[in-house]
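> sequence plus predicted model, see below.
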Amino acid sequence: MDISSRKESRLTEFTANPRRAIWTLATPMMIGMMVQTIYTIVDMIFVGKVSGDALTALAFNLPLLFFGLGLVFGLGSGVTAIIAQYIGAKDKRNADNSAEHAVLLGLFLGTILTVVGVVWGRELLALLGTPDNILPLAWDYFRVIAICYLFLVLSIFFRSILSGEGDMKTPMIIQGGGTVLNIILDPIFIFSFDMGVQGAAVATVMSQGLVVVIFAYLMFVKEHSYITFSLKDFSFSGAILKKIFVIGLPASFSMIIMALGGGVFNRILVSFSSEAVAGYQIGIRLDHIFLMPAISISTSIVTLVGMFYGAQRFDLVKVITGYAIKSCVLVAVVIGGLFFVLAPEIVKGFSSEATIQDVGSQYLRYFVFGYPFVAISMISGRVLQGLGLGMPMLILTFMRVLLLSVALASYFVFVLGKSMEWVWIAQVMAVVVSAIVATVWLFYIFRKFERRELTSQDSTLPIRGPRIQGT
C-alpha cells in the first residue's frame, strides 16, 4: 500500500473510532514530550550544579526564548490545522502547497529571529529585568542559543506538517533522538569542557541542528511523508498564507503574551530575591510533567477536529471534544495530587539551596489546584482552532495572563504588600476564570455550528470546509 492509500485508510480509521484516534495521535507525541521533559529537568539539574546564579541566568532566558518561539509554535499549529482540513476534504494539492508555504515561512522567520537575537539579545535580557550580576551569565547562554533559532523554527514547522497529516510517530522519534543527544552532550560541555551555562546552549545548538538535517532528509530526499514537496514548482497563494496566519497568528500572540507574562513574573519575584526566580522556574519545569499529556492530547485535537471538519463530520468533533476534556482533567487531578504530596522531595533534586527549594515547593502546592482548569482551557482553545477560529485562544490567553494573573499578582505584592504565596494564588484564580469563559465560549460556538447544520444559513461562521477558491 502506498503512502497516499495509507493516509486515506488512516482517515477512515479515525472516523470509525475517534476516541481511539486521540490516543493513536497523542501517545507518540506524549512519549516524545516525555523525553523532552526529562531533558528540561536534567538540563536544569546540570545547570543548578554549576551555581544558583547559573540557574537564575537560565530562568531569565526562558521568557525571551519562549517569546521568539511562541510566534512559530502558533503559526505551526495553523499549518497543522489547514493541512488536516485539506486532507479531510481530500484536497492533496492544497495540502502540498500549504506545506511548501510553511517551509519557506520557517526559513524567513528563523533568519529574522537569529539576527534579532544575536544583535539585540543582551539588551532584551536587561529589559526583562535580569540583575546586573546575572546578566553576563544570561548573555553567555543566549548568544549561543540565538544561533539555534533557525534550527528550532524549521524543526517546529516540519513537525507541524507531519502532525497535520496525522503522523505523530516520526516527529517523536526524531525529536526524541535529538533530546537524548542533548542530554549526553550537556555534562560534556558544561563540566568536562568547563563551559558552565554556555555549555548547555552549545549542546542544544548541536542536537537541534542534527534534528533539522534528519527532518529535511526524510521529507525532501526520502519522501517519507504523504505531503509531496516540489519547491521548484512552488506557486505562491496569498489565500493559503492568509489562512495559516488567520488560524495560527492568534495562537502565536497567545504564546508571546505568555512569554511576556513569564518575564513580568520574574520581575515580580526578583523583588523578593533572585532565589525566588530560580525556585519558580523549577516549579514551572515540573509543570511540564502535567503539560506533557495535556499538550499531546490538545495538539492531537487540532488534527482530528481539522480532519472531521474538512470531512463535514461535526458530530465527531463533539464526541472527541468531550472525551478529550474528561481525559485531560483526570490526568490533571492524578498528577496534581502526587505533586501536592511529594513537592518538597521532588524539588530537592534540583538545588541544594534551601530558599530555592522552599519557593519551588510552595509554588507547586498552590498551582496544582489550577491544573484541571488549565486542561479545560487548553482543549477548548485547540478545538476552536481546529475549526478555524484562532481568536478565542488569543483573547483567553490575554485575559488569563495580563488582565488577571499579572494584574492580580502585581496588586497583591506591590499595592497590598502581600507575601510571595499571593503570586501563586493570583495564577490559580486566573486559570479558574479563564476555564469558565473558555467553556462558555465553546458551548456557544457548538450551538452555532449545530444551528448551521440544520439551516445552512448562518453566515457568521467560517465557510464550511477548507477549500480555497481560485487555487
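Received it, and whenever you're ready, just let me know what you need.
> just give me the neighbour total for Met393.
26 (other Cβ atoms under 10 Å). All C-beta atoms are positioned from the backbone trio N, CA, C, and that covers glycine.
> sorry, slip of the keys, the one I care about is Pro392.
Applying other Cβ under 10 Å, we find 22 other residues in the vicinity of Pro392.
> Leu113 too?
21.
> try Ile395
18.
> neighbouring contacts of the host helix or strand of it?
If you go by DSSP states H and E, Ile395 is part of helix 391-398. With contacts defined as Cβ atoms under 8 Å, 6 or more residues apart in numbering, helix 391-398 is touched by 250-251, 253-255, 257-258, 377, 380-382, 384-385, 434, 437-438, 441, 445.
> make it 10 Å
Helix 391-398 has contacts (Cβ atoms under 10 Å, 6 or more residues apart in numbering) with 74, 77, 246-247, 249-258, 261, 377-378, 380-385, 403-404, 433-435, 437-438, 441-442, 444-445.
> helix, strand or coil: sort out Asp132 for me.
Look at Asp132: counting by DSSP: H, G, I helix; E, B strand; the rest coil, its state is coil.
> drop anything exposed from the contacts of helix 391-398.
Taking 16 or more other Cβ atoms under 10 Å as the criterion, what is buried in the contacts of helix 391-398 is 74, 77, 246-247, 249-258, 261, 377-378, 380-385, 404, 433-435, 437-438, 441-442, 445.
> pretty sure Gly164 contacts Ile87?
Yes - the pair Gly164 and Ile87 passes the contact test of Cβ atoms under 10 Å, sitting 7.0 Å apart.
> compare these two (neighbour count), which wins?
Neighbour comparison, Gly164 and Ile87: the larger count goes to Gly164, with 31 against 27 (by other Cβ under 10 Å).
> what about the residue lying closest to the more buried one once chain neighbours are set aside, neighbour count?
Spatial nearest neighbour of Gly164, excluding adjacent residues (Cβ to Cβ, 6 or more residues apart in numbering): Ile83 at 2.9 Å. By other Cβ under 10 Å, 32 other residues sit near Ile83.
> OK, contacts around Ile83?
Contact partners of Ile83, counting by Cβ under 10 Å, 6+ apart, are 94-99, 102, 160-166, 226-227, 244, 303, 306-307, 310, 466.
> chain center to stretch 146-159: distance?
14 Å (Cα atoms, centre = their mean, to the nearest Å).
> quick one: buried residues of it?
So stretch 146-159, judged by 16+ other Cβ under 10 Å, has buried residues 146-159.
> which ones among those lie within helices?
Per DSSP state H, helices hold the following members of the buried residues of stretch 146-159: Tyr149, Leu150, Phe151, Leu152, Val153, Leu154, Ser155, Ile156, Phe157, Phe158, Arg159.
> make CSV from those and add pLDDT and distance to Val42 to it.
Formatted as CSV, those follow (pLDDT from 0 to 100; distance: Cβ to Cβ, whole Å):
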residue, pLDDT, distance to Val42
Tyr149, 86, 23
Leu150, 90, 25
Phe151, 90, 20
Leu152, 87, 19
Val153, 91, 24
Leu154, 93, 25
Ser155, 90, 20
Ile156, 89, 22
Phe157, 94, 27
Phe158, 93, 25
Arg159, 90, 22
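> got a markdown table for those residues, with distance to Val47 too?
Below are those laid out as a markdown table (distance: Cβ to Cβ, whole Å):
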| residue | distance to Val47 |
| --- | --- |
| Tyr149 | 20 |
| Leu150 | 24 |
| Phe151 | 21 |
| Leu152 | 19 |
| Val153 | 24 |
| Leu154 | 26 |
| Ser155 | 22 |
| Ile156 | 24 |
| Phe157 | 28 |
| Phe158 | 28 |
| Arg159 | 26 |
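> number of nearby residues for Asn133?
11.
> ramachandran coordinates for it?
Note on Asn133: its backbone torsions stand at phi -80, psi -20 [degrees, to the nearest 10].
> which residues touch it?
Per Cβ under 10 Å, 6+ apart, neighbours of Asn133: Asp53, Thr56, Ala57, Ser274.
> ranking by neighbours, what's the top pick from those?
Ranking those using other Cβ under 10 Å puts Ala57 first, with 31 neighbours.
> how much space between the closest residue to Val374 other than its chain neighbours and Ile335?
In space, and not counting its chain neighbours, Val374 is closest to Val431: 5.3 Å by Cβ to Cβ, 6+ apart. Separation of Val431 from Ile335 (Cβ to Cβ, to the nearest Å): 15 Å.
> these two: who's more crowded?
Shown here are Val431 and Ile335; by other Cβ under 10 Å, Val431 has more neighbours (23 against 20).
> what about the more buried one, which SS state?
helix.
> out of the buried residues of stretch 146-159, which one sits closest to Glu13?
Glu13 lies nearest to Arg159 out of the buried residues of stretch 146-159, by Cβ to Cβ, at 21.7 Å.
> circling back: alpha carbons of the helix holding Ile395, in CSV - could you do that?
Output in CSV follows, covering the C-alpha atoms of helix 391-398 (Å, rounded to 0.1, in the frame of the first residue of the first chain):
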residue,chain,number,x,y,z
MET,A,391,-9.1,34.4,18.1
PRO,A,392,-10.6,32.7,21.1
MET,A,393,-7.2,31.3,22.2
LEU,A,394,-5.7,34.8,21.9
ILE,A,395,-8.5,36.5,23.9
LEU,A,396,-8.5,33.8,26.6
THR,A,397,-4.7,34.0,27.0
PHE,A,398,-4.7,37.8,27.2
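> ok, back up a step: please identify which helix or strand holds the residue nearest to Gly164.
Ile83 belongs to helix 52-88, assigned by DSSP H and E.
> tell me the angle of that helix relative to helix 391-398?
160 degrees (axes from the mean of the first three to the mean of the last three Cα atoms, to 10 degrees).
> what residues sit buried inside helix 52-88?
Using 16+ other Cβ under 10 Å as the test for burial, helix 52-88 gives 52-88.
> list the contacts of Ser361.
Contacts for Ser361 were tallied using Cβ under 10 Å, 6+ apart; they are Gly279, Ile282, Gly283, Phe339, Leu342, Ala343, Pro344, Glu345, Ile346, Val347, Lys348.
> residue nearest the centroid of the protein?
Centroid check for the chain by Cα atoms, centre = their mean gives Phe73 as the closest residue, at 6.1 Å.
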